[in-house]
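Fold the following.
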Amino acid sequence: MENTSLPVNIYGIKNCDTMKKSLKWLEGNNIEFRFHDYKKEGVTSALVEQWLTTLPLDKLINRRGTTWRKLPETLKENLTIESGIKLIVENTSLIKRPLLDVEGQYYLGFSAEEYAQIFGS
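Reported below is the predicted structural model:
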């Protein structure tokens, strides 16, 4: 596959198994990307708002993770866009991983088949 010039950003945390698979796939397919480790770099409310222009909050938040399960029930039951953004900025582990940004199109999770479709390989 030829090297693509698409601006690609991938968001996640380094030690996540799914992240490792997605990064390995991108590297193996010669896709240039910037990795944003939100454990180290954090995320801003503006960035989360940008993601929410195309991703629904209930998809963006990883409800199966430990971070979500540890939240008080009142926060989970009364979740709004505003409170969700605040929670995500304060607890980046709530973001489903990986979050792939290809020219402003956002994709959650990793599937080799989906990545092949995205990058036309």
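
Next, the distance between the ends of stretch 86-105.
End-to-end distance for stretch 86-105, by C-alpha to C-alpha, to the nearest Å: 22 Å.

ditto for stretch 28-38
Per C-alpha to C-alpha, stretch 28-38 runs 23 Å from first to last residue.

Just checking the distance from it to the centre of its chain.
Remark: stretch 28-38 is offset 12 Å from the chain centroid, using C-alpha atoms, centre = their mean, to the nearest Å.

Which residues in that stretch does the neighbour count mark as buried?
Neighbour counts using 16 or more other C-beta atoms under 10 Å place 31, 33, 35-36, 38 of stretch 28-38 among the buried residues. C-beta coordinates here come from the backbone N, C-alpha and C atoms, glycine included.

So for these, which is the shakiest by pLDDT?
Of all the buried residues of stretch 28-38, Tyr38 has the smallest pLDDT value, namely 92.

That one and Gly65: what is the separation?
13 Å (C-beta to C-beta, to the nearest Å).

now Leu99
With C-beta to C-beta as the criterion, Leu99 and Gly65 are 14 Å apart.

quick one, which of those two is more surrounded?
Higher neighbour count among Leu99 and Gly65: Leu99, with 23 against 15, using other C-beta atoms under 10 Å.
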